[in-house]
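S.K.: just coords:
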């Protein structure tokens, strides 16, 4: 089984217990988003021609985004709405919508992982993923 950094971090946090409290949860979700950003940077690099297109790497980058977004909402327990988290209160007051957007990203990225078979396919796939990012951040993240 392939594990993304998000899954590894999640497992590490679970093993360290509650000693780190909400601070660890916030750090974990930031780490997960950093993996998503790094994956996106690889994909954008391929789209722009700065990185040679490789379907396996593109698929892995989209898969990482998918897997991370599948677990991402679990790192927003009650009480983790600290000032340094970047999350808006709507994460907790509209949890169902927040989870639905993360699951949509997971599904769309999993589909993109299968469809990223050529450089020509990359643009529309990245546009859809970027739209998911903007929808969630616009609603649930303070920038």
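M.R.: That came in fine, so what should we check first? Model, not experiment: these values are computed from the prediction. Numbers count the residues shown, from 1 in each chain.
S.K.: Tell me where this protein has helices.
M.R.: Counting by DSSP state H, the chain has helices at residues 5-16, 21-48, 55-71, 90-93, 95-115, 119-140.
S.K.: and among these, the most buried is which?
M.R.: Across these, averaging neighbours per residue (mean count of other Cβ atoms under 10 Å) puts helix 55-71 on top, at a mean of 21. Where you see a C-beta, it was placed from the backbone N, CA and C, and this is true even at glycine.
S.K.: and that helix, what's its mean pLDDT?
M.R.: Model confidence over helix 55-71 averages 97 on the pLDDT scale.
S.K.: hmm, who's touching it?
M.R.: Applying Cβ atoms under 8 Å, 6 or more residues apart in numbering, the set of residues contacting helix 55-71 from outside is 2, 4-7, 10, 32, 35-36, 39-40, 42-43, 46, 102-103, 105-110, 112-114, 116-118, 122, 125, 129.
S.K.: how big is the angle separating it from helix 21-48?
M.R.: Direction vectors for helix 55-71 and helix 21-48, defined by axes from the mean of the first three to the mean of the last three Cα atoms, to 10 degrees, enclose an angle of 150 degrees.
S.K.: surely residue 47 meets residue 124?
M.R.: No. Between residue 47 and residue 124 there is no contact under Cβ atoms under 8 Å: 10.4 Å.
S.K.: right, so of the helices of the chain, which gets closest to residue 78?
M.R.: Ranking the helices of the chain by distance to residue 78, with Cβ to Cβ as the measure, places helix 90-93 first at 6.7 Å.
S.K.: Cool, thanks, talk later.
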